[in-house]
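Visitor: got a sequence here, can you build the structure:
(chains A and B)
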Amino acid sequence: MKSIYLDHAATSPVHPKVIEEMMPVYKDVYGNPSSVHQFGRKARRILDEGRGRIAHGLGANEKEIVFTSGGTEADNLAIIGTARANRSKGKHIITTSIEHHATLHAVEYLESNDFEVTYLPVNAGGIVEVDDVKAALREDTILVSIMMVNNETGAIQPIEEIAALLKEHQAYFHSDIVQAYGLMNVDVSQLGVDLMAVSGHKINGPKGIGFLYIREGTVMESLQYGGEQERKRRAGTENIPAVQGLKTAVEIMEAERSTYKEKYLHYKQLFLQTLEDENISFEVNGSHEKTIESIVNISFPGMNVETLLTNFDLSGIAASSGSACTAGSVEPSHVLSAMFGSDHPKTTNSIRFSFGLANNEEDITEAARRVSQIIKRLA
Amino acid sequence: MKDPKDTRVVVGMSGGVDSSVAALLLKEQGYDVVGIFMKNWDDTDENGVCTATEDYEDVIRVCNQLDIPYFAVNFEKQYWDKVFTYFLDEYKKGRTPNPDVMCNKEIKFKAFMDHAMSLGADYLATGHYAQVRENDGTYEMLRGVDHNKDQTYFLNQLSQEVLAKVMFPLGHLEKKEVRAIAEEHGLATAKKKDSTGICFIGERNFKEFLSEYLPAQPGNMETLDGEVKGKHDGLMYYTLGQRQGLGIGGAGDPWFVVGKNVKDNILYVGQGFHHDALYSDGLIASEASWTKGDVPTESFKCTAKFRYRQEDSGVTVYPMEDGTWKVMFDEPERAITPGQAVVFYDGEVCLGGATIDVVLKQDEAITYVG
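Guide: Sure thing, here's the model as predicted:
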């Protein structure tokens, strides 16, 4: 039975071109970019070119890009780094209850260190209201951290409006754009954010690399101590092959974005249409309009997440739901809890399917058929 | 009978050596094996890490070695409602519950069985030391070949429907053979020590654990004649026949728990292992379950166990009009404990079991055992 991967929001296959571009770097460019010899210079060139290329795509300045080990580190650096450095201006932070744990656990850490955190609710569509941000703002707010696209529902947050609201306020605005970056046009001046976290492996790049965009002039502390890499904002020898891979992934992504958008939207519609044709009872969670093309979160009434995911996997379908605890069992989704209330059945009967490079049209209909068979058998 | 490769067997894997070897043997026989870890209890260690993590990590290691898929399933709510609530209620009544019997009945061979079937499984397998034998469409449960490890005592409530869908791949093996198989195959759990005690308490102090859920009510320790011998910490911390932890000094034989008076919160104690008050000649049990399905209508002779890892004793079982069962012992028995299971055997075959409610002496209920 053919395995079908519908979990691109968890991680995505590396584009063959990315591997192709990384291999020679692994083989030949082993120098340390900080070294003052030709080997170092060769590596430094790849680092700078990667940084320049990525900055260009964002309408940013290359000094504004700090490479990290991935999205989690970028979120941590943005949140903890700015909070610590701006302690004298206030101790209030605003975020939402639907953020990724990279954000939520970082602000929880700050909360246990005398910062005050407001967790904004979301509406039934999974979207934060700009008015709620406005109402939560205080004179001593130093940071607002709101994701651009939710990783479980795909709901697109009103980042531009929130940025406009914060324009005259001292608070920095950080956005985790990990799920958005692959499909949405991101221009820093248009968006108006101060910080943005990105992960390489969500956009068909390698794992172990990501970056944080930091608007020039942003006051922040580094979280790790060591060498003076990344303008002293991120100590540690740079992952040069991964930088090359990320650069390539960004290039492909920028060139293919509109094609991907169209294709994944088609996949999503085809998937839902097939479920409907099979007469399956289901409901799409979250906004139907303001949602990213690649993600769909579906509630199957009367079903149970663990039974569904295990059955899906045994029939070759890879999907996901919420997050798993260290002992492997699936926890109710905090995102769906924020949308519907923690006791709502949807928090334990919903599955996220996410489409991407590993899919084709046939896979999508086949997957929807297998899913339907399972639902029918369990009903 | 389907071909093994078309027969899906879900194995309940705990991260211990027994269930690891059960999965290995089934895999070697060519079955479509799926490993599933049950998470029944929510607890975290001092670093906030779920205490079940280590065991699940072992399940992952073994399943990777066997190249079988593995999953986890959460039965915390069912476990709390069906097993833990019963466990606390029994203690509140001054009885000594058997959560393992209840866990097998309500969780492993009910909720987990349903889960396995929902995954398209033909059978559910576990690492229990017991055997199932089919005779013309009826199923018998037999003791494990390793009598020292035999777990039919805990499985006494299994029904025909369950036995028809159960596999016990270790039933014909000695524990030391199981260890040897694990070592021979280099299984990650080969040298892991067997878990002891009640699963949700683990290695923790039983008294401390229980006190988190039930308020301890200290009271007097007295002889049956009313002589005060000291203080007890709460009746639930003691079980009949227990010697440890009484702290009564003085001359003569050591002191033992011989009874409980829940109403007046008195722990009865007596001197000597063979104190007369500890002996009885019969019991009344309820909640009986018969593995072969047919409920006996006539009295019959068989052997019985009143606790795990005890030699069988000869008994006669009488069905009572109110649906309970009177069990008369061939010889007086020591420390028969309300709340525990009485399990019946015909040779190697486990006939079923029931819960001990009343202890009898000369056909009268002993009132001092709770």
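Visitor: residue B:336: how many residues sit nearby?
Guide: Applying other CB atoms under 10 Å in any protein chain shown, we find 27 residues neighbouring residue B:336. C-beta coordinates here come from the backbone N, C-alpha and C atoms, glycine included.
Visitor: what's the longest helix in chain B?
Guide: Longest helix in chain B by number of residues (criterion: DSSP state H): helix B:53-66.
Visitor: buried sites along that one?
Guide: Within helix B:53-66, the residues that qualify as buried are B:53, B:55, B:56, B:57, B:58, B:59, B:60, B:61, B:62, B:63, B:65, B:66, counting by 16 or more other CB atoms under 10 Å in any protein chain shown.
Visitor: just send the residues you listed back as JSON lines, with pLDDT too.
Guide: What follows is those, written out as JSON lines (pLDDT from 0 to 100):
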{"residue": "B:53", "pLDDT": "90"}
{"residue": "B:55", "pLDDT": "92"}
{"residue": "B:56", "pLDDT": "95"}
{"residue": "B:57", "pLDDT": "96"}
{"residue": "B:58", "pLDDT": "96"}
{"residue": "B:59", "pLDDT": "97"}
{"residue": "B:60", "pLDDT": "97"}
{"residue": "B:61", "pLDDT": "97"}
{"residue": "B:62", "pLDDT": "98"}
{"residue": "B:63", "pLDDT": "98"}
{"residue": "B:65", "pLDDT": "98"}
{"residue": "B:66", "pLDDT": "98"}
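Visitor: what helices or strands is the longest helix of chain B leaning on?
Guide: Using 3 or more CB pairs under 8 Å, 6 or more residues apart in numbering or on different chains; DSSP states H and E, the elements in contact with helix B:53-66 are helix B:17-28, strand B:32-39, strand B:70-74.
Visitor: hmm, try it at 6 Å
Guide: If you count contacts as 3 or more CB pairs under 6 Å, 6 or more residues apart in numbering or on different chains; DSSP states H and E, helix B:53-66 packs onto helix B:17-28, strand B:32-39.
Visitor: JSON lines for those, including mean pLDDT?
Guide: Shown next, in JSON lines, are these (pLDDT from 0 to 100):
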{"stretch": "helix B:17-28", "mean pLDDT": "98"}
{"stretch": "strand B:32-39", "mean pLDDT": "97"}
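Visitor: looking at the ones you listed, which is nearest to residue B:344?
Guide: Smallest distance to residue B:344 across the helices and strands packed on helix B:53-66 (CB to CB): 24.9 Å, for helix B:17-28.
Visitor: what pLDDT does residue 99 get?
Guide: Went with chain A since none was named. pLDDT, residue A:99: 98.
Visitor: you answered for a different chain; I wanted chain B.
Guide: 95.
Visitor: off-centre distance for the lowest-mean-pLDDT helix or strand in chain B?
Guide: The weakest-scoring helix or strand in chain B, judged by mean pLDDT, DSSP states H and E, is helix B:206-213 (a mean of 90). Computed by CA atoms, centre = their mean, to the nearest Å, the separation of helix B:206-213 from the middle of its chain amounts to 20 Å.
Visitor: just give the closest residue to the residue of chain A found nearest chain B, not the sequence neighbours.
Guide: For chain A, the residue closest to chain B is residue A:328, as judged by CB to the nearest CB, at 3.0 Å. Nearest residue to residue A:328, sequence neighbours excluded (CB to CB, 6 or more residues apart in numbering or on different chains): residue B:72, at 3.0 Å.
Visitor: quick one, what contacts the one you found?
Guide: By CB atoms under 6 Å, 6 or more residues apart in numbering or on different chains, the contact list for residue B:72 reads A:328, A:329, B:37, B:39.
Visitor: pull up the residues of chain A that are close to chain B.
Guide: A:306, A:307, A:310, A:311, A:325, A:326, A:327, A:328, A:329, A:378 (CB under 6 Å from any CB of the partner chain).
Visitor: the second one: what secondary structure?
Guide: For residue A:307, the assignment made with DSSP: H, G, I helix; E, B strand; the rest coil gives helix.
Visitor: count the neighbours of it for me.
Guide: Number of residues near residue A:307 (other CB under 10 Å) recorded here: 18.
Visitor: OK, contacts around it?
Guide: When contacts are counted by CB under 6 Å, 6+ apart, residue A:307 touches residue B:118.
Visitor: no further questions, thank you.
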